[in-house]
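J.: curious how this folds, go ahead:
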Amino acid sequence: MSVSGARLLAIAAFAAIAAAPLALATESADRAAIEAAAQAWVKAFNARDEKALLAVATEDLIVLDGNSPPMTGGRAREAWKKALGAARGQVTSVSKEIVISDDVAWRIGALGQGQAMEIWKRVGGEWKLHRQMSSNVLTHSNLLPTPSEPVLDRPAN
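T.: Now for the predicted structure:
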């Protein structure tokens with residue numbers, strides 16, 4: 001290998017090593033931002049703050065909740081508003097897993113006494129809830145506190 005080839009290889013290796021901590025720091029910051037946005041949704045829901053709740057979502061939000069047909073855009077937002085009016089008590093959310101890929105992420109967690117899978121999208125530098133799939137979270141009977149240790153995948157037997 002020539003001296004210039006060795007130099008290029010050394011420069012490339014140094015650049016890769018230097019970029020790794022930056023990538024990890026960015027992913028850590030994104031995870032924290034998604035978790036903060038998820039908790040902002042919970043806080044807005046518990047405060048029955050319609051404006052703050054809707055601010056967490058993308059304009060083309062889709063909500064799938066239990067046996068209800070998929071709700072998109074304005075209809076999804078109306079479902080959230082209706083759930084605010086019917087809610088009793090407070091709801092909690094605990095993240096189980098967050099996976100990030102560029103400007104899209106998914107989050108699995110306990111939401112109320114149900115489960116949720118959410119897709120988050122980076123919009124204008126902020127993480128917004130883009131898709132929310134849950135197990136009857138929006139029905140008022142399920143808006144109860146999460147157990148102290150949520151169990152999402154416990155076998156039935």
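J.: tell me where the model's unsure across this structure.
T.: Within the chain, the stretches with pLDDT under 70 are 1-6, 8-25, 136-157.
J.: tell me the contacts of the residue lying closest to A40 once chain neighbours are set aside?
T.: Of all residues not flanking A40 in the chain, V56 sits nearest, at 5.6 Å (CB to CB, 6 or more residues apart in numbering). Every C-beta, even on glycine, is put in place using the N, C-alpha and C of the backbone. The contact partners of V56, by CB atoms under 8 Å, 6 or more residues apart in numbering, come to A37, A40, W41, A44, K128, L129.
J.: try 10 Å this time
T.: 37-45, 80, 120, 126-129 (CB atoms under 10 Å, 6 or more residues apart in numbering).
J.: mind listing the strands for the protein?
T.: 57-65, 71-72, 93-101, 104-111, 114-123, 126-134 (DSSP state E).
J.: minimum distance to R31: which of these has it?
T.: strand 93-101 (5.3 Å; CB to CB).
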